[in-house]
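*Asks:* Below are the sequence and a predicted model for it; my questions follow.
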Amino acid sequence: MTVTATISISPIPSAAPIDQMIYGHFLESAFFGNIEGGVFDEGSPLSIADGPLRGCRADVLEACRELGLPVLRWPGGNFTSPYWWQDGIGPRDERPRRLELAWGSEETNRFGTPEFLAWCEAVGTRPYLAHHARDVDDAVRWVEYTNYPGDTTLARQRAKDGHPEPYGVHFWGLGNEVYGPWQMGHRPVAEYVPAAREHAKFMNLVDPGLSFIAVGSTRDDWTEPVVAGLGDRIDYVSLHLYGASCHLTDPSPAEFDAVVAQSLYVEQAIQAQAETIRRVQAAHGRSRPLAIAMDEWNIRHVEPAAWPEPEPDADGGVAPRDTSASGEQLRVNRYSPRTLADALYYAGVFHAMHRASQLDVPVGMANTVNLVNANGLLAVRPDGLVKAATYHVWDLYQNHTGPVPLAATVQGPARTAALRLGDDRHAEGGFRTTPSVVGLLDVSPSRSEDGRTLHLAVINRSATEAVSARLDLDGAALPATATTRTIGAGVEDLFAWNSIAEPDAVTLSAPQQVDLTGSTYTFPAHSITLLDVALAP
């Protein structure tokens, strides 16, 4: 059965553009194959043999170049808190091997600052370095190593490491999740704020053009004093949000519904933090513009902790194991591949960030966890790689939509649901939820910079029903045809995923011409559709 809707599209007066930085990424050292075994794999026949990128996987580099990466955060994540950047410079064979306490592994330091920044230059992305904010001098010396143009010992070391000219790293994180007891350097906000301020002050003395990201939280009792104490010094306040999927134990249409709806939770969290930041800045009489850096976000695949620990298999997924045990205690499966349901969730998060572009405090940067392996856009194995379903979501939105947002109103089918509030669980078990109305269609329209093309991105969240929609472009006549690209249309498995053997189970279709007779179009079930419509001059 096909249900019906109306999508009304209109201009936004003086619309702020959609920032391409929302399509950013994240790499974490010592984290489930992000770096070693992912980006960096010395000895692999697929890796570059010499030069500053020696040991880096050529196929990974090419896939990232093909996609385009606007910004890339490193070295973490939790790894940031105990990391000493000077361990990762100089000749590789002379660098210390350290026990690292974020993930309980051993860090070789063979992929350090010079390798990361060389990789960023090769891909064409802007680096974002996260410092632990536990030592002002250490932070200052890192900026000196990367950005100082003079003749100091560290500037000379940068030249010896292969880069005589300054890198000009612009984005710097002042700590990571300092509010959490899992972090080395965890402290109350009353201690974090003056420490972060001191770090920013002296880092700016080395390079006055830096942009700083302070640690924010979903909790106002943390974010309010951060903005109050740092709002005249920083540029971004971070926000970390994770959805949760239980499809490893319940691959049902109901679980699909629960996954794809969680972008609403993300949108609510963005709106709430944006309002907190705006309110505190206004109370202090500040005009300095701030933005949200959603510099960690993803959807976690959870499973019973009673199952054997997951291991990667050669095909891009999880190696076979006994999953007969059950239990209430859950853990995150870091090797579970991204699914069609995830793709619709990610698209919904992009729609939320598009709409947030018009807030006084927009999302100015976002970095998904992770780029490579560990639930990333690329699953990398010794013999090759596969582009996950979510790689194609990035391609669609980053490379095929427009920078000028438009307003959309949708009149159509919806369902009431207990909206899962991401991976937020009760102490006694079970996810926190809130009653919500979830529309089947989520629409984000934009236009090209020259104004000649409407890009209409539409998610159909229904697991089973196509939705036919009449398109109303502020009363203007629409052409008889449009060009469309889709993800998920015709895919039978709601949790389908791409493997090295079957890389196109969930992919972005080639563009094709479609009929818009009567200004209507039918959006397939469980799909993302982009309609490109030529606009009259």
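*Replies:* That came in fine, so what should we check first?
*Asks:* Helix, strand, or coil at the spatially closest residue to Gly316 that is not a sequence neighbour?
*Replies:* Of all residues not flanking Gly316 in the chain, Ala379 sits nearest, at 3.8 Å (C-beta to C-beta, 6 or more residues apart in numbering). Where you see a C-beta, it was placed from the backbone N, CA and C, and this is true even at glycine. What DSSP: H, G, I helix; E, B strand; the rest coil gives for Ala379 is strand.
*Asks:* Count residues in the vicinity of Ala379, would you?
*Replies:* A count of nearby residues for Ala379, using other C-beta atoms under 10 Å, gives 30.
*Asks:* same check, this time on Pro310
*Replies:* 21.
*Asks:* do you know how far it is from Glu303?
*Replies:* Pro310 sits 8 Å away from Glu303, taking C-beta to C-beta, to the nearest Å as the criterion.
*Asks:* And for Val438?
*Replies:* For Val438, the distance to Glu303 equals 25 Å [C-beta to C-beta].
*Asks:* And the two? Which one has more around it.
*Replies:* More neighbours surround Glu303 than the other of Val438 and Glu303, with 21 against 18 (other C-beta under 10 Å).
*Asks:* Spatially nearest residue to that one, not counting backbone neighbours?
*Replies:* Take Glu303 and drop its neighbours on the chain: the residue closest to it by C-beta to C-beta, 6+ apart is Leu248, 4.5 Å away.
*Asks:* what's that neighbour sitting at in phi/psi?
*Replies:* Main-chain dihedrals, Leu248, degrees, to the nearest 10: phi -70, psi -20.
*Asks:* Which residue would you name as the spatial centre of the chain?
*Replies:* By C-alpha atoms, centre = their mean, the mean C-alpha position of the chain lies nearest to Thr368, the distance being 2.0 Å.
*Asks:* Give me the local confidence score for that residue.
*Replies:* For Thr368, the pLDDT comes out at 98.
*Asks:* now do Leu344
*Replies:* According to the prediction, Leu344 has pLDDT 98.
*Asks:* My guess is it contacts Gln262. True?
*Replies:* No - in this structure, Leu344 is not within contact of Gln262 by C-beta atoms under 8 Å, at 10.1 Å.
*Asks:* who's in contact with Asp515?
*Replies:* Ala480, Thr481 (C-beta atoms under 8 Å, 6 or more residues apart in numbering).
*Asks:* got a list of what the residue nearest to Gly316 touches?
*Replies:* So Ala379 contacts Pro312, Gly316, Gly317, Pro337, Asn373, Leu385, Val386, Ala388, Asn498, Ile500 (C-beta under 8 Å, 6+ apart).
*Asks:* how about a cut-off of 10 Å?
*Replies:* Applying C-beta atoms under 10 Å, 6 or more residues apart in numbering, we find Ala379 in contact with 33, 38, 312-313, 315-317, 335, 337-338, 372-373, 385-388, 391, 497-500, 503.
*Asks:* Restricted to strands, list these.
*Replies:* Within the contacts of Ala379, residues falling in strands by DSSP state E are Leu385, Val386, Lys387.
*Asks:* The first one: neighbouring residues, count only.
*Replies:* For Leu385, the tally of surrounding residues (other C-beta under 10 Å) stands at 21.
*Asks:* avg pLDDT for stretch 93-110?
*Replies:* Rounded mean pLDDT across stretch 93-110 is 95.
*Asks:* Could you list everything the residue nearest to Gly316 pairs with in the sheet?
*Replies:* Counting by DSSP bridges, Ala379 is bridged to Val386.
*Asks:* what separates it from Leu72, distance-wise?
*Replies:* Ala379 is 18 Å from Leu72, where distance means C-beta to C-beta.
*Asks:* before we move on, what about Gly51?
*Replies:* Gly51 is 20 Å from Leu72, by C-beta to C-beta.
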